[in-house]
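[1] coords below, sequence missing:
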(Lines give C-alpha, C1' and ligand atoms only; values in the text may rest on other atoms or scores of the structure.)
Protein backbone atom coordinates (compact mmCIF):
# COMPACT_ATOMS: atom_id res chain seq x y z
CA UNK A 1 0.00 0.00 0.00
CA UNK A 2 1.37 3.43 -0.94
CA UNK A 3 2.64 5.74 1.78
CA UNK A 4 1.17 9.20 2.29
CA UNK A 5 2.92 12.29 0.96
CA UNK A 6 4.00 13.34 4.47
CA UNK A 7 5.14 9.86 5.54
CA UNK A 8 6.82 8.71 2.34
CA UNK A 9 10.36 7.41 2.11
CA UNK A 10 13.39 9.17 0.61
CA UNK A 11 16.66 7.64 -0.56
CA UNK A 12 19.61 9.64 0.83
CA UNK A 13 23.27 8.71 0.51
CA UNK A 14 22.72 4.97 0.45
CA UNK A 15 19.84 4.63 2.89
CA UNK A 16 16.05 4.64 2.55
CA UNK A 17 14.72 6.99 5.24
CA UNK A 18 11.42 8.49 6.34
CA UNK A 19 11.06 11.95 4.83
CA UNK A 20 11.31 13.55 8.28
CA UNK A 21 14.73 11.94 8.83
CA UNK A 22 16.26 12.97 5.48
CA UNK A 23 18.54 15.92 6.31
CA UNK A 24 21.07 17.97 4.34
CA UNK A 25 23.66 20.35 5.83
CA UNK A 26 22.29 23.91 5.66
CA UNK A 27 25.83 25.26 5.06
CA UNK A 28 26.55 22.93 2.15
CA UNK A 29 27.18 24.35 -1.35
CA UNK A 30 23.88 22.84 -2.53
CA UNK A 31 21.95 24.73 0.17
CA UNK A 32 23.84 28.01 -0.22
CA UNK A 33 24.51 28.14 -3.97
CA UNK A 34 22.18 25.64 -5.64
CA UNK A 35 25.17 23.45 -6.50
CA UNK A 36 23.30 20.36 -7.62
CA UNK A 37 22.11 18.58 -10.73
CA UNK A 38 18.90 16.64 -11.01
CA UNK A 39 16.42 14.74 -13.14
CA UNK A 40 12.64 14.67 -12.92
CA UNK A 41 11.64 11.16 -13.99
CA UNK A 42 8.05 10.11 -14.56
CA UNK A 43 6.74 6.62 -13.85
CA UNK A 44 3.31 5.46 -15.04
CA UNK A 45 1.15 2.72 -13.56
CA UNK A 46 -0.42 0.28 -16.02
CA UNK A 47 -3.28 -1.49 -14.22
CA UNK A 48 -3.73 -4.12 -16.93
CA UNK A 49 -0.06 -5.10 -16.75
CA UNK A 50 0.13 -4.68 -12.96
CA UNK A 51 3.34 -2.75 -13.54
CA UNK A 52 4.90 0.66 -12.95
CA UNK A 53 6.94 1.84 -15.93
CA UNK A 54 9.76 4.38 -15.67
CA UNK A 55 9.93 6.38 -18.88
CA UNK A 56 13.32 6.68 -20.62
CA UNK A 57 15.19 6.00 -17.39
CA UNK A 58 18.57 5.36 -19.03
CA UNK A 59 18.32 8.62 -20.99
CA UNK A 60 17.56 10.58 -17.82
CA UNK A 61 20.52 8.99 -16.05
CA UNK A 62 22.83 9.77 -18.94
CA UNK A 63 21.78 13.43 -18.84
CA UNK A 64 22.31 13.43 -15.07
CA UNK A 65 25.88 12.21 -15.49
CA UNK A 66 26.47 14.73 -18.30
CA UNK A 67 25.29 17.53 -15.99
CA UNK A 68 27.67 16.32 -13.28
CA UNK A 69 30.50 16.38 -15.80
CA UNK A 70 29.77 19.93 -16.96
CA UNK A 71 29.58 21.27 -13.39
CA UNK A 72 32.62 19.16 -12.42
CA UNK A 73 30.82 17.50 -9.55
CA UNK A 74 32.95 14.60 -8.39
CA UNK A 75 31.61 11.18 -7.49
CA UNK A 76 31.03 8.31 -9.85
CA UNK A 77 27.57 6.79 -9.90
CA UNK A 78 27.32 3.81 -12.22
CA UNK A 79 24.17 3.23 -14.22
CA UNK A 80 23.45 0.20 -12.06
CA UNK A 81 23.82 2.24 -8.85
CA UNK A 82 21.52 4.96 -10.17
CA UNK A 83 18.92 2.40 -11.25
CA UNK A 84 18.99 0.25 -8.12
CA UNK A 85 18.66 3.17 -5.72
CA UNK A 86 15.79 4.47 -7.87
CA UNK A 87 14.00 1.11 -7.68
CA UNK A 88 14.67 0.68 -3.96
CA UNK A 89 13.01 3.89 -2.83
CA UNK A 90 9.96 3.39 -5.07
CA UNK A 91 9.56 -0.15 -3.73
CA UNK A 92 9.82 1.12 -0.16
CA UNK A 93 6.86 3.41 -0.83
CA UNK A 94 4.89 0.69 -2.64
CA UNK A 95 3.46 2.96 -5.31
CA UNK A 96 0.67 1.60 -7.52
CA UNK A 97 -0.05 4.90 -9.23
CA UNK A 98 1.57 7.47 -11.49
CA UNK A 99 4.51 9.16 -9.80
CA UNK A 100 7.24 11.73 -10.39
CA UNK A 101 10.73 11.05 -9.05
CA UNK A 102 13.33 13.73 -8.34
CA UNK A 103 16.84 12.26 -8.47
CA UNK A 104 19.39 14.86 -7.34
CA UNK A 105 23.18 14.74 -7.02
CA UNK A 106 24.53 17.55 -4.84
CA UNK A 107 27.72 18.94 -3.31
CA UNK A 108 27.63 18.49 0.46
CA UNK A 109 30.09 19.47 3.18
CA UNK A 110 31.26 22.98 4.08
CA UNK A 111 32.92 24.06 0.82
CA UNK A 112 32.41 27.20 -1.26
CA UNK A 113 30.56 27.69 -4.54
CA UNK A 114 33.64 26.27 -6.33
CA UNK A 115 33.68 23.00 -4.38
CA UNK A 116 33.50 19.77 -6.37
CA UNK A 117 33.06 17.35 -3.45
CA UNK A 118 31.93 15.65 -1.23
CA UNK A 119 29.02 14.41 -3.30
CA UNK A 120 25.67 13.19 -2.07
CA UNK A 121 22.47 12.03 -3.73
CA UNK A 122 18.80 11.94 -2.78
CA UNK A 123 15.85 10.39 -4.60
CA UNK A 124 12.35 11.63 -3.78
CA UNK A 125 9.29 10.01 -5.38
CA UNK A 126 5.84 11.56 -5.07
CA UNK A 127 2.41 10.73 -6.56
CA UNK A 128 1.65 12.79 -9.66
CA UNK A 129 -1.34 12.17 -11.89
CA UNK A 130 -1.08 12.23 -15.66
CA UNK A 131 -2.70 14.84 -17.90
CA UNK A 132 -6.47 14.86 -18.08
CA UNK A 133 -8.25 17.11 -20.54
CA UNK A 134 -11.35 19.23 -20.07
CA UNK A 135 -12.89 21.92 -22.24
CA UNK A 136 -10.89 24.75 -20.69
CA UNK A 137 -7.58 22.94 -20.37
CA UNK A 138 -4.46 24.87 -21.45
CA UNK A 139 -2.38 27.90 -20.49
CA UNK A 140 -2.24 31.57 -21.40
CA UNK A 141 1.33 32.81 -21.83
CA UNK A 142 3.25 36.03 -22.25
CA UNK A 143 6.64 36.59 -23.85
CA UNK A 144 8.92 37.25 -20.90
CA UNK A 145 10.99 40.39 -20.55
CA UNK A 146 13.68 38.15 -19.04
CA UNK A 147 16.16 36.64 -21.51
CA UNK A 148 16.81 32.91 -21.52
CA UNK A 149 20.24 31.88 -20.20
CA UNK A 150 22.74 30.70 -22.80
CA UNK A 151 25.96 28.74 -23.19
CA UNK A 152 27.76 32.08 -22.85
CA UNK A 153 26.43 32.57 -19.32
CA UNK A 154 24.82 29.58 -17.54
CA UNK A 155 24.34 26.76 -20.00
CA UNK A 156 20.72 25.58 -20.31
CA UNK A 157 22.16 22.18 -21.22
CA UNK A 158 23.02 21.65 -17.53
CA UNK A 159 19.98 20.61 -15.50
CA UNK A 160 20.97 22.33 -12.27
CA UNK A 161 18.87 23.90 -9.56
CA UNK A 162 20.61 27.27 -9.95
CA UNK A 163 19.46 27.57 -13.58
CA UNK A 164 15.83 27.51 -12.50
CA UNK A 165 16.11 30.98 -10.97
CA UNK A 166 15.90 32.19 -14.58
CA UNK A 167 12.58 30.36 -14.94
CA UNK A 168 11.44 31.62 -11.53
CA UNK A 169 11.88 35.25 -12.59
CA UNK A 170 9.86 34.70 -15.78
CA UNK A 171 7.10 32.76 -13.99
CA UNK A 172 6.69 35.36 -11.24
CA UNK A 173 6.54 38.17 -13.80
CA UNK A 174 3.92 36.27 -15.81
CA UNK A 175 1.75 35.60 -12.76
CA UNK A 176 1.93 39.22 -11.61
CA UNK A 177 0.67 40.31 -15.03
CA UNK A 178 -2.25 37.87 -15.11
CA UNK A 179 -0.76 35.06 -17.23
CA UNK A 180 -0.40 31.37 -16.43
CA UNK A 181 3.15 31.08 -17.68
CA UNK A 182 5.84 32.61 -19.90
CA UNK A 183 7.83 31.99 -23.07
CA UNK A 184 11.50 32.99 -23.25
CA UNK A 185 13.38 34.65 -26.09
CA UNK A 186 17.11 34.01 -26.34
CA UNK A 187 19.96 36.51 -26.77
CA UNK A 188 19.31 36.57 -30.53
CA UNK A 189 15.68 37.53 -30.03
CA UNK A 190 14.44 34.12 -31.17
CA UNK A 191 12.00 31.91 -29.30
CA UNK A 192 13.78 29.57 -26.87
CA UNK A 193 11.41 27.65 -24.58
CA UNK A 194 8.76 27.91 -21.90
CA UNK A 195 9.28 28.05 -18.15
CA UNK A 196 10.69 24.61 -17.38
CA UNK A 197 9.41 23.22 -20.68
CA UNK A 198 10.23 23.10 -24.38
CA UNK A 199 7.98 24.44 -27.13
CA UNK A 200 6.44 23.41 -30.44
CA UNK A 201 4.33 25.42 -32.83
CA UNK A 202 2.16 24.03 -35.63
CA UNK A 203 1.97 25.74 -39.02
CA UNK A 204 0.20 24.19 -42.00
CA UNK A 205 0.17 20.79 -40.31
CA UNK A 206 3.93 20.72 -39.64
CA UNK A 207 5.51 20.70 -36.17
CA UNK A 208 8.22 23.33 -35.70
CA UNK A 209 10.52 23.48 -32.67
CA UNK A 210 13.62 25.57 -31.86
CA UNK A 211 16.96 23.75 -32.28
CA UNK A 212 19.17 22.79 -29.35
CA UNK A 213 21.39 25.78 -30.21
CA UNK A 214 18.54 28.20 -29.39
CA UNK A 215 19.32 28.20 -25.63
CA UNK A 216 17.06 25.31 -24.70
CA UNK A 217 17.43 22.31 -22.46
CA UNK A 218 18.16 19.14 -24.39
CA UNK A 219 14.73 17.88 -23.43
CA UNK A 220 14.04 14.15 -23.40
CA UNK A 221 10.32 14.80 -23.84
CA UNK A 222 11.01 17.07 -26.83
CA UNK A 223 13.10 14.37 -28.51
CA UNK A 224 10.39 11.81 -27.73
CA UNK A 225 7.72 13.93 -29.41
CA UNK A 226 9.89 14.51 -32.48
CA UNK A 227 10.16 10.74 -32.96
CA UNK A 228 6.48 10.14 -32.24
CA UNK A 229 5.44 12.86 -34.70
CA UNK A 230 7.52 11.31 -37.46
CA UNK A 231 6.00 7.92 -36.61
CA UNK A 232 2.56 9.52 -37.10
CA UNK A 233 3.62 10.83 -40.50
CA UNK A 234 3.82 14.48 -39.40
CA UNK A 235 6.50 16.77 -40.78
CA UNK A 236 8.93 18.00 -38.08
CA UNK A 237 11.14 21.03 -38.63
CA UNK A 238 13.84 22.20 -36.22
CA UNK A 239 14.57 25.87 -36.89
CA UNK A 240 14.57 29.30 -35.30
CA UNK A 241 11.14 30.70 -34.46
CA UNK A 242 10.50 34.45 -34.30
CA UNK A 243 8.19 36.06 -31.79
CA UNK A 244 5.45 37.04 -34.24
CA UNK A 245 5.04 33.42 -35.32
CA UNK A 246 3.64 32.79 -31.85
CA UNK A 247 0.80 35.17 -32.75
CA UNK A 248 0.01 33.75 -36.20
CA UNK A 249 0.63 29.99 -35.95
CA UNK A 250 -2.16 27.42 -35.84
CA UNK A 251 -1.23 25.72 -32.56
CA UNK A 252 1.35 25.91 -29.76
CA UNK A 253 2.13 23.42 -27.05
CA UNK A 254 4.69 23.11 -24.28
CA UNK A 255 6.25 19.80 -23.33
CA UNK A 256 8.29 18.28 -20.54
CA UNK A 257 8.31 15.42 -18.07
CA UNK A 258 6.18 17.46 -15.66
CA UNK A 259 3.71 19.15 -18.03
CA UNK A 260 3.70 16.25 -20.54
CA UNK A 261 1.95 18.00 -23.51
CA UNK A 262 0.34 21.33 -22.58
CA UNK A 263 -1.66 23.44 -25.09
CA UNK A 264 -0.98 27.19 -25.18
CA UNK A 265 -4.28 28.99 -25.73
CA UNK A 266 -2.94 32.53 -26.15
CA UNK A 267 0.31 34.49 -26.22
CA UNK A 268 0.38 38.17 -25.17
CA UNK A 269 -3.45 38.11 -25.38
CA UNK A 270 -3.29 36.92 -29.01
CA UNK A 271 -5.53 33.84 -29.30
CA UNK A 272 -3.78 30.78 -30.70
CA UNK A 273 -5.99 29.11 -33.29
CA UNK A 274 -9.53 28.96 -31.91
CA UNK A 275 -8.34 29.29 -28.31
CA UNK A 276 -8.65 25.56 -27.60
CA UNK A 277 -6.37 22.55 -27.89
CA UNK A 278 -5.65 21.96 -31.59
CA UNK A 279 -5.97 18.73 -33.52
CA UNK A 280 -2.24 18.10 -33.87
CA UNK A 281 -1.64 18.86 -30.18
CA UNK A 282 -4.40 16.41 -29.27
CA UNK A 283 -2.85 13.68 -31.41
CA UNK A 284 0.56 14.26 -29.86
CA UNK A 285 -0.85 14.15 -26.33
CA UNK A 286 -2.81 10.95 -26.96
CA UNK A 287 0.16 9.23 -28.57
CA UNK A 288 2.54 10.37 -25.84
CA UNK A 289 0.33 9.12 -23.00
CA UNK A 290 -0.24 5.76 -24.66
CA UNK A 291 3.51 5.44 -25.21
CA UNK A 292 4.58 6.26 -21.64
CA UNK A 293 1.97 3.94 -20.12
CA UNK A 294 2.89 0.94 -22.27
CA UNK A 295 -0.38 0.85 -24.21
CA UNK A 296 1.55 0.90 -27.50
CA UNK A 297 4.03 -1.82 -28.41
CA UNK A 298 6.02 0.70 -30.46
CA UNK A 299 8.87 2.24 -28.47
CA UNK A 300 8.42 -0.25 -25.64
CA UNK A 301 12.21 -0.07 -25.27
CA UNK A 302 11.71 3.36 -23.64
CA UNK A 303 9.96 1.72 -20.67
CA UNK A 304 11.72 0.19 -17.68
CA UNK A 305 9.80 -2.14 -15.38
CA UNK A 306 10.16 -0.84 -11.84
CA UNK A 307 8.84 -4.00 -10.19
CA UNK A 308 10.22 -7.43 -10.99
CA UNK A 309 6.83 -8.92 -10.10
CA UNK A 310 3.60 -7.47 -8.79
CA UNK A 311 4.45 -9.09 -5.43
CA UNK A 312 6.92 -6.25 -4.84
CA UNK A 313 4.12 -3.72 -4.57
CA UNK A 314 1.55 -5.67 -2.53
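    Cool, got the structure. These numbers were taken from a predicted model, which means no experiment stands behind them.

[2] residues contacting the residue lying closest to residue 87 once chain neighbours are set aside?
    Using CB to CB, 6 or more residues apart in numbering and skipping the chain neighbours, the partner closest in space to residue 87 is residue 306 (5.9 Å). Placement of C-beta: from N, CA and C, glycine included. Residue 306 makes contact with 43, 51-54, 87, 90-91, according to CB atoms under 8 Å, 6 or more residues apart in numbering.

[3] quick check: phi and psi at the nearest residue to residue 252 once chain neighbours are set aside.
    Distances taken as CB to CB, 6+ apart place residue 264 nearest to residue 252, at 3.9 Å, with adjacent residues excluded. When read as degrees, to the nearest 10, the backbone of residue 264 gives phi -100, psi 120.

[4] what's the end-to-end length of stretch 177-184?
    Start and end residues of stretch 177-184 are separated by 15 Å (CA to CA, to the nearest Å).

[5] list the buried residues of that stretch.
    Across stretch 177-184, burial judged by 16 or more other CB atoms under 10 Å covers 179-184.

[6] just stretch 104-123 next, same as before
    By 16+ other CB under 10 Å, the buried positions in stretch 104-123 come out as 104-108, 111, 115, 118-123.

[7] show me where the protein has helices.
    Ranges of helices in the chain, per DSSP state H, are 29-33, 57-71, 79-93, 164-176, 220-231, 245-248, 279-292.

[8] what residues go with each domain of the chain?
    By the record's domain assignment, the chain is partitioned as 9-130+302-308, 139-292 (automatic domain parsing).

[9] will you turn those into TSV that also has mean pLDDT?
    Shown next, in TSV, are those (pLDDT from 0 to 100):
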stretch	mean pLDDT
domain 9-130+302-308	96
domain 139-292	97
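
[10] look at residue 189 and say how many residues are nearby.
    10 (other CB atoms under 10 Å).

[11] mind listing what it touches?
    The contact partners of residue 189, taken as CB under 8 Å, 6+ apart, are 242-243.

[12] those strands in the stretch 201-314 of the chain, which residues are they?
    206-209, 236-238, 251-256, 260-267, 270-271, 303-305 (DSSP state E, counting those that start in this stretch).

[13] picking that back up, which ones among the buried residues of stretch 177-184 map onto strands?
    181-184 (DSSP state E).

[14] closest to residue 150 out of those?
    The shortest approach to residue 150 among these belongs to residue 184, at 10.5 Å (CB to CB).

[15] distance to residue 129 added to the strands of the stretch 201-314 of the chain, as CSV?
    Output for the strands of the stretch 201-314 of the chain, formatted as CSV (distance: least, CB to CB, whole Å):
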stretch, distance to residue 129
strand 206-209, 26
strand 236-238, 29
strand 251-256, 16
strand 260-267, 10
strand 270-271, 28
strand 303-305, 19
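
[16] can you mark which positions in stretch 91-102 are buried?
    Neighbour-count burial for stretch 91-102, counted by 16+ other CB under 10 Å, picks out 91-93, 95-96, 98-101.

[17] turn these into TSV, including distance to residue 25.
    What follows is the buried residues of stretch 91-102, written out as TSV (distance: CB to CB, whole Å):
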residue	distance to residue 25
91	28
92	24
93	25
95	29
96	35
98	33
99	27
100	25
101	23
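
[18] OK, contacts around the residue nearest to residue 252?
    138-141, 183, 252-254, 272.

[19] can you count the residues close to residue 151?
    Counted with other CB under 10 Å, residue 151 comes out at 12.

[20] now the closest residue to residue 145 other than its chain neighbours: how far from residue 166?
    Excluding the flanking residues, the one nearest residue 145 by CB to CB, 6+ apart is residue 173, at 6.5 Å. Residue 173 sits 11 Å away from residue 166, going by CB to CB, to the nearest Å.

[21] those two: who's more crowded?
    Neighbours of residue 173 and residue 166, each counted by other CB under 10 Å, are more numerous for residue 166; the result is 20 against 16.

[22] from residue 301, how far out is the more buried one?
    34 Å.

[23] how about the contacts made by the closest residue to residue 270 other than its chain neighbours?
    Excluding the flanking residues, the one nearest residue 270 by CB to CB, 6+ apart is residue 247, at 4.2 Å. Counting by CB under 8 Å, 6+ apart, residue 247 touches 267-268, 270.

[24] check residue 111 too.
    Residues near residue 111 by CB under 8 Å, 6+ apart: 28-29, 117.

[25] give me phi/psi at it?
    The phi/psi pair for residue 111 (degrees, to the nearest 10) reads phi -80, psi -180.

[26] from residue 36, how far off is it?
    The spacing between residue 111 and residue 36, counted by CB to CB, is 13 Å.
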